[in-house]
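In: What would the 3D arrangement of this be:
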Amino acid sequence: MKQTLYLCLAMLLLCAGCASSSINVIDKKNPTRPYTKVLVAYLDEGCDFTLFDSLTYDICLKSCFLNADSYPTRVQAENMLADQLTTGTAIVKATDVLDITYNSYDYFRRVIDSLHIDAILMVDLRRYTHTDHPAYSAPLIVNGHMVTPGTGYNVKTLNGAYECFLINTGNIHFPIWHAAIDVKGRTSGGEHMINNKMAKELARSLTSAGYWMH
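Out: Residues are numbered from 1 along each chain as shown. Purely as a prediction, here's the structure:
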């Protein structure tokens, strides 16, 4: 009985170090065909893209492009998204075509037209939070060491919450797909691991729904 208990506790400890994700599709319109080229933008402005127009662009996307401090984080996240999302569908990263100088709404629309981009994917980080999991209540061997009750051995996880919007450039004002993604992983893995898990979940969902080319 004790061995079974210890095994279960060990499995819980190990699983707490793994990343897990869930996706909630809030709104979805069936695709008429898979998209061939998609512009991907990562931001952390907490914006609502259920209506996308020049005002939304200036408040959310342009302000993001003007923030030079966030540029390295956006580059890393968009590289990760491109790695996971590139299939038969080509990915154009916003950080490659829009920056602190070239960012007006007119320029943005010219980029869309000149590169023949048929969809825009906005991935908006809502928040990172941390969770402290309570200490185990029974003795447990971890990496060859005995962890006993009352020693305060806690597992800390990092949680990421994202909201994602896919917009058809032929009808740019309203998203055709809107989803929330939640990811949990160990704190030691950092934001990189959380973002990577999010990108994999996003790629899986968009591909299986028929928006992406195989």
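In: Do I have it right that N196 meets N79?
Out: No. Contact criterion CB atoms under 8 Å: N196 and N79 do not qualify, at 10.5 Å. Any C-beta I mention is one placed from the backbone N, CA and C, and that applies to glycine too.
In: Between the two, which has more neighbouring residues?
Out: For the pair N196 and N79, the greater number of neighbours falls to N196 (19 against 16), based on other CB atoms under 10 Å.
In: In a helix, the more buried one, correct?
Out: Yes. With DSSP: H, G, I helix; E, B strand; the rest coil as the criterion, N196 is assigned to a helix.
In: Nearest spatial neighbour of it, chain-adjacent residues omitted?
Out: M80 (5.5 Å; CB to CB, 6 or more residues apart in numbering).
In: now do P175
Out: Nearest residue to P175, sequence neighbours excluded (CB to CB, 6+ apart): F165, at 4.3 Å.
In: and the residue nearest to N196, how many neighbours does it have?
Out: Neighbour count for M80, taken as other CB under 10 Å: 18.
In: ditto for E78
Out: Residues within reach of E78, counting by other CB under 10 Å, total 24.
In: Is it in a helix, a strand, or coil?
Out: Recorded secondary structure, E78: helix (three-state DSSP).
In: Relative to T101, how far out is it?
Out: Between E78 and T101 the distance is 18 Å, computed by CB to CB, to the nearest Å.
In: what about stretch 105-116, average pLDDT?
Out: On average, the pLDDT along stretch 105-116 is 96.
In: Mind listing residues that contact it?
Out: Identification of contacts with stretch 105-116 by CB atoms under 8 Å, 6 or more residues apart in numbering yields 36-37, 39, 54, 57-58, 61-62, 92, 97-98, 117, 120, 169.
In: Assumed R74 was part of a helix.
Out: Yes. With three-state DSSP as the criterion, R74 is part of a helix.
In: Fine by me, we can end here.
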